[in-house]
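J.: A structural model of the following input is requested.
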Amino acid sequence: MTFNLPTALTWLRIIMIPIVVGAFTVPEPWMTLETRNLLATSVFILASLTDWLDGYLARRLGQTSAFGAFLDPVADKLLVAAALIVLVGLGRTSVWIATIIIGREIAISALREWMANLGRSRSIAVNMLGKIKTTAQMIAIPMLLYYDPIGAVPIAGLGNVLIWVAAVLTLVSMGYYMRIALPQLRGERSREDS
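T.: Next up is the predicted model:
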């Protein structure tokens with residue numbers, strides 16, 4: 001296992017996940033709901049920034065590694081899944097949205113691994129639709145964690161719109177990836193039938 005600054009930042013992102021979750025388990029006398037919202041939002045945003053920073057540093061410092069390439073998306077998925085579970089528990093988002101987003105991440109990860117075993121990993125690389133989906137959800141989640149309005153800006157309402165956009169794009173992008181994999185899937189079925 002290679003240990004370098006980008007990998008350390010990825011590990012730091014994983015270590016921050018219990019803080020996001022734990023912020024909402026602190027009893028009311030110790031921390032107000034507003035403080036918990038702010039703490040969870042701040043840590044989520046900081047963790048999200050480490051995602052950009054570790055990739056940038058890995059390329060800039062020439063410290064890319066197979067382990068880092070594996071760990072980075074795992075950390076991202078854990079962060080998003082944990083935050084969505086918290087939001088469902090708080091009643092700030094739908095269990096259906098969380099199921100769609102988390103389920104898609106699991107399915108696409110499995111699909112990518114299967115395609116890599118077939119030597120076709122490049123054909124299922126991240127596309128622009130997936131990046132737009134990720135951007136929508138990475139803006140929506142901190143809004144829903146924070147939840148309170150800022151002045152006249154309805155943060156919770158905007159977060160809800162964006163998380164629905166992310167859920168729809170999640171389904172569309174999953175369909176895109178499945179369509180790409182369909183020829184290989186049909187080929188597997190043909191070999192099993194013969």
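J.: wait, isn't residue 165 in contact with residue 136?
T.: Yes: here residue 165 reaches residue 136: they are 4.8 Å apart, a contact under CB atoms under 8 Å. All C-beta atoms are positioned from the backbone trio N, CA, C, and that covers glycine.
J.: which residue is the nearest non-sequential neighbour of residue 57?
T.: Leaving aside its sequence neighbours, residue 57 sits nearest to residue 6 (CB to CB, 6 or more residues apart in numbering; 4.7 Å).
J.: packing partners of whatever helix or strand the one you found lives in?
T.: Take DSSP states H and E as the rule and residue 6 turns out to sit in helix 5-22. For helix 5-22, the packing partners by 3 or more CB pairs under 8 Å, 6 or more residues apart in numbering; DSSP states H and E come out as helix 33-60, helix 66-89.
J.: how far off helix 66-89 does that helix point, in degrees?
T.: Going by axes from the mean of the first three to the mean of the last three CA atoms, to 10 degrees, helix 5-22 is angled at 10 degrees with respect to helix 66-89.
J.: need the residues that contact helix 5-22.
T.: Residues outside helix 5-22 that contact it (CB atoms under 8 Å, 6 or more residues apart in numbering) are 39-40, 43-44, 46-47, 50-51, 53-55, 57-58, 61, 63-65, 67-68, 71-72, 75-76, 78-79, 82-83, 85-86, 145.
J.: repeat that for stretch 90-106.
T.: 24, 77, 80-81, 84-85, 87-88, 137, 144-145, 147, 156, 159-160, 163-164, 166-167, 170-171, 173-174.
J.: in the chain, where is pLDDT below threshold?
T.: In the predicted model of the chain, residues 1-2, 118-126, 188-194 satisfy pLDDT under 70.
J.: same thing but at 80, please
T.: For the chain, applying pLDDT under 80 flags the ranges 1-3, 112-127, 180-194.
J.: got the angle between the helix holding residue 6 and helix 33-60?
T.: 170 degrees.
J.: turn the helices and strands packed on helix 5-22 into TSV, columns for distance to residue 129.
T.: Formatted as TSV, the helices and strands packed on helix 5-22 follow (distance: least, CB to CB, whole Å):
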stretch	distance to residue 129
helix 33-60	19
helix 66-89	17
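J.: what's the single longest helix in this protein?
T.: Determined from DSSP state H, the single longest helix within the chain is helix 155-193.
J.: thanks again, I'm all set now.
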